[in-house]
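>>> Task: produce atomic coordinates for the following.
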Amino acid sequence: MAMPAEFADICPIADKDFHNEMSILVEEPMFKQIVRMVMPEYKYSQLVRILLGLNSKLEFQQKIMRPFMKGVLGKTTQGLSCTGIDELPKDTPNLFITNHRDIVLDSAQLSYLLVEHGRDTCEIAIGNNLLIYDWITKLVRLNKSFVVKRNLGRVQTLAAAIQLSSYIHFAINQKKASIWIAQREGRCKDSNDRTQESLLKMLTYGNRDKSFVDSLKELNIVPCAISYEYDPNDYLKAREFLLKSKDPNYKKSQADDLASMKVGIMGFKGHVHYAVTPCINDELDLIPADLDKLLAVRRVCAIIDHAIHTHYKIFKTNYMAHDMLFDEHEFASEYTPEELEAFKQYLNGQVDKVTDIPINEQDRSYMLNRMLQMYSNPLTNQLEALK
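So this is what the prediction gives:
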């Protein structure tokens, strides 16, 4: 299917251009450096021959990304599990909306699971704030990603939102491609997951001929809850909270994002679980047609949030963090004293990794408290959602 010209600067690279774009990418010095770091089992010249022998994004994902992900999961997790994928109709493209923990892996692991369950991979929404080098932009677009333009002026922001929404509608309804997008801009660093109202509004800009609800129904939205036993970026997120508490104008750098991507990919995660929930179209049908639009937006946010919150997989780390944060023993039956002590040592060890800024005891206590919130919030939200 021909790609409309209006999407040329954001859509995944077309297969007809794959070989030419890949031949440019493999000559990038920083790409070589990163590949040698994350794929040491390959000689670079050997990998280049493989890459230049590929002719499509699908081949790239099957022959490079799938083995890479399998290796990463084997080294950094104690298992990636999922529920719900097999219940989705195979012939219906979906918009997967997930909570957001990891810059790279949230979408990559979903695509891996889709393939493992006999489905096609999904296209991935990625903010251009992360595309700090041209070669990164090229790489992600070769891997079925499309670009979300951010940090624009008011007029440009609206135009970019219309373009993005139009592309998402085109991809799902014309290309019949499934899509992943996070429920909010940026990772939810305290794990208190909430769907952004502005995201849902944006999703309807691409089909303004229909009502808000009917436009969303065209996208076959499927909420998905992602649960990590351990977040390898927990200490970096706590570090960012600390710096913002000292300077409200603090903004993380591009180098911080690169560090988070590296730690997220290569750091230990324990068990990771994806709970794919049913398409929300039946619930959207229950929203009154004459409901005020703002109330309709909030109703849909609540539907997605409830699906995610009720489908978290709760780990011992969540139970222990909750009891530690609230200084109680409500969930003491879920873990042993030895496991609690090991978790305390883990948290302190993570804080010890922050060596680039001076930290006093008050700072340390603040960071530990923030990390306890990260691990306890999924349980807190699930308990509230199940009432």
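>>> Let me know the helix or strand that the residue positioned nearest the centre of the chain is in.
The centre of the chain sits closest to residue 106, judged by C-alpha atoms, centre = their mean, with a distance of 3.7 Å. Element membership for residue 106, per DSSP states H and E: helix 105-116.
>>> elements contacting that helix?
helix 66-76, strand 77-83, strand 95-98, strand 123-127, strand 179-182, strand 221-228, strand 270-276 (3 or more C-beta pairs under 8 Å, 6 or more residues apart in numbering; DSSP states H and E). For glycine as for every other residue, the C-beta is placed from the backbone atoms N, C-alpha and C.
>>> CA atoms only: put that helix into CSV for me.
Provided in CSV are the C-alpha atoms of helix 105-116 (Å, rounded to 0.1, in the frame of the first residue of the first chain):
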residue,chain,number,x,y,z
LEU,A,105,11.5,-2.5,26.3
ASP,A,106,7.8,-1.8,27.0
SER,A,107,7.0,-1.9,23.3
ALA,A,108,9.8,-4.3,22.3
GLN,A,109,8.7,-6.9,24.7
LEU,A,110,5.1,-6.6,23.5
SER,A,111,6.2,-7.1,19.9
TYR,A,112,8.2,-10.1,21.0
LEU,A,113,5.2,-11.6,22.8
LEU,A,114,3.0,-11.0,19.8
VAL,A,115,5.4,-13.0,17.5
GLU,A,116,5.7,-15.8,20.1
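>>> Which helix or strand contains the nearest residue to residue 354 once chain neighbours are set aside?
In this structure, residue 354 finds its nearest non-sequential neighbour in residue 239, 5.0 Å apart by C-beta to C-beta, 6 or more residues apart in numbering. Assigned by DSSP H and E, residue 239 falls within helix 234-246.
>>> Give the buried residues for that helix.
Buried residues in helix 234-246, counting neighbours by 16 or more other C-beta atoms under 10 Å, are found at 234, 235, 236, 237, 238, 239, 240, 241, 242.
>>> could you dump that helix to CSV, C-alpha only?
The C-alpha coordinates for helix 234-246 follow below in CSV (Å, rounded to 0.1, in the frame of the first residue of the first chain):
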residue,chain,number,x,y,z
ASP,A,234,14.4,2.7,39.9
TYR,A,235,17.5,4.6,41.3
LEU,A,236,17.7,6.8,38.2
LYS,A,237,14.1,7.8,38.6
ALA,A,238,14.6,8.5,42.3
ARG,A,239,17.7,10.6,41.4
GLU,A,240,15.5,12.6,39.0
PHE,A,241,12.9,13.1,41.7
LEU,A,242,15.6,14.3,44.1
LEU,A,243,17.1,16.8,41.6
LYS,A,244,13.6,18.2,40.9
SER,A,245,12.9,18.5,44.6
LYS,A,246,16.0,20.7,44.9
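>>> So which elements touch the helix or strand just after that helix?
Where DSSP H and E defines the elements, the next helix or strand beyond helix 234-246 is helix 254-266. Counting contacts by 3+ C-beta pairs under 8 Å, 6+ apart, helix 254-266 packs against helix 66-76, helix 234-246.
>>> Packing partners of the first one?
What that stands for is helix 66-76. helix 105-116, helix 254-266.
>>> Can you tell me how far residue 344 is from residue 324?
Distance from residue 344 to residue 324, counting by C-beta to C-beta, to the nearest Å: 8 Å.
>>> and the two? which has more neighbours close in?
residue 324 (19 against 13; other C-beta atoms under 10 Å).
>>> can I assume that one sits in a strand?
No - counting by DSSP: H, G, I helix; E, B strand; the rest coil, residue 324 is located in no strand; its state is helix.
>>> need the contact list for the closest residue to it other than its chain neighbours.
Distance criterion C-beta to C-beta, 6+ apart; nearest residue to residue 324, sequence neighbours excluded, is residue 372 at 5.5 Å. Contact analysis of residue 372 by C-beta atoms under 8 Å, 6 or more residues apart in numbering lists 321, 324, 325, 347.
>>> could I get those residues as TSV with pLDDT?
Formatted as TSV, the contacts of residue 372 follow (pLDDT from 0 to 100):
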residue	pLDDT
321	99
324	98
325	98
347	99
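>>> Would you check which pair of those residues lies furthest apart?
Based on C-beta to C-beta, the longest span within these runs between 325 and 347 and measures 11.3 Å.
>>> looking at it, residue 184 is touching residue 98, isn't it?
No - the criterion here is C-beta atoms under 8 Å, and residue 184 misses it with residue 98 at 10.2 Å.
>>> Looking at the two now, which is surrounded by more residues?
Set residue 184 next to residue 98 and count neighbours by other C-beta under 10 Å: residue 98 wins out with 24 against 17.
>>> In space, what's closest to the more buried one - neighbours in sequence excluded?
Using C-beta to C-beta, 6+ apart, the nearest residue to residue 98 is residue 224, at 4.3 Å.
>>> tell me the contacts of the one you found?
Residue 224 sits next to 84, 96, 97, 98, 110, 274, 275, 276, 277, 308 when contact means C-beta under 8 Å, 6+ apart.
>>> just for the protein, where's the confidence low?
Along the chain, no part satisfies pLDDT under 70.
>>> What's the separation between the residue of the chain most remote from its centre and residue 211?
The C-alpha centroid of the chain is most remote from residue 290, which lies 33.7 Å away (C-alpha atoms, centre = their mean). From residue 290 across to residue 211, the span is 10 Å (C-beta to C-beta).
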